[in-house]
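> Got a sequence here, can you model it:
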Amino acid sequence: MNIFLVGMPGCGKSTVARAVARRLPLTSVDADQVIEQRLGCSIRSYFDEHGEGAFRDVEEAVIDEVTTASPALVLATGGGAVLRPINRQRLRERGTVIYLRASPEQLAKRLRDLYDERDPLYRECAHFVIDTRGAGLSALVHRILMQLELAGPVAD
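Numbers count the residues shown, from 1 in each chain. You can find the predicted model right below:
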């Protein structure tokens, strides 16, 4: 029995996959962890350096391999895995797909809770705090460079 969990980032796919796998018992696999092991870096780093297309190619290959490797697993897919039709087709054909649907309000609440937990920790280790509201990439880069220039070398 293969069970594949899909849904938005933050809906709980990884946590639910582990819990379901323990109860059945099956092997739990997190697609994002497999991808990061294969890449040797974080998804975000790879995405930033190589672009979305290259990342989606790796994701597609991992989903293909993982969904054929074991007949008894619970797979937590990445939030964007369903963007490619071939991934949707393979998931549907190779197991039972469960969509963990969370409302925008639920997702926002989870992010708020995570924010409340982590914001003090980010602030504790930060030399600078740059507000991203209303800023595009070039504006953020400009703000960071200005802050670094004004502060001079940063040393602990």
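> any residues touching stretch 98-115, and which ones?
Outside of stretch 98-115, the residues within contact range by Cβ atoms under 8 Å, 6 or more residues apart in numbering are 3-13, 16. All C-beta atoms are positioned from the backbone trio N, CA, C, and that covers glycine.
> swap in stretch 136-144?
Outside stretch 136-144, the residues within contact range by Cβ under 8 Å, 6+ apart are 128, 130, 132, 135.
> contacting residues around the nearest residue to residue 83 once chain neighbours are set aside?
Spatial nearest neighbour of residue 83, excluding adjacent residues (Cβ to Cβ, 6 or more residues apart in numbering): residue 56 at 6.8 Å. Shown in contact with residue 56 (Cβ under 8 Å, 6+ apart): 80, 83-84.
> try 10 Å this time
Residues counted as contacts of residue 56 (Cβ atoms under 10 Å, 6 or more residues apart in numbering) are 47, 78, 80-81, 83-84, 87.
> Out of the residues you listed, list just those in helices.
Among the contacts of residue 56, the members found in helices (DSSP state H) are 47, 87.
> List the buried residues in the helix or strand residue 16 falls within.
Secondary structure from DSSP states H and E places residue 16 in helix 13-23. Neighbour counts over helix 13-23 (16 or more other Cβ atoms under 10 Å) mark 13-14, 16-17, 20-21 as buried.
> got TSV for those, with distance to residue 146 and pLDDT too?
Below are the buried residues of helix 13-23 laid out as TSV (distance: Cβ to Cβ, whole Å; pLDDT from 0 to 100):
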residue	distance to residue 146	pLDDT
13	39	93
14	38	94
16	43	94
17	43	95
20	48	95
21	48	93
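> can you put these in CSV and add distance to residue 141?
Formatted as CSV, the buried residues of helix 13-23 follow (distance: Cβ to Cβ, whole Å):
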residue, distance to residue 141
13, 32
14, 31
16, 37
17, 36
20, 42
21, 42
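> Okay, now the unreliable bits of the protein?
Scanning the chain with the threshold set as pLDDT under 70 gives 153-156.
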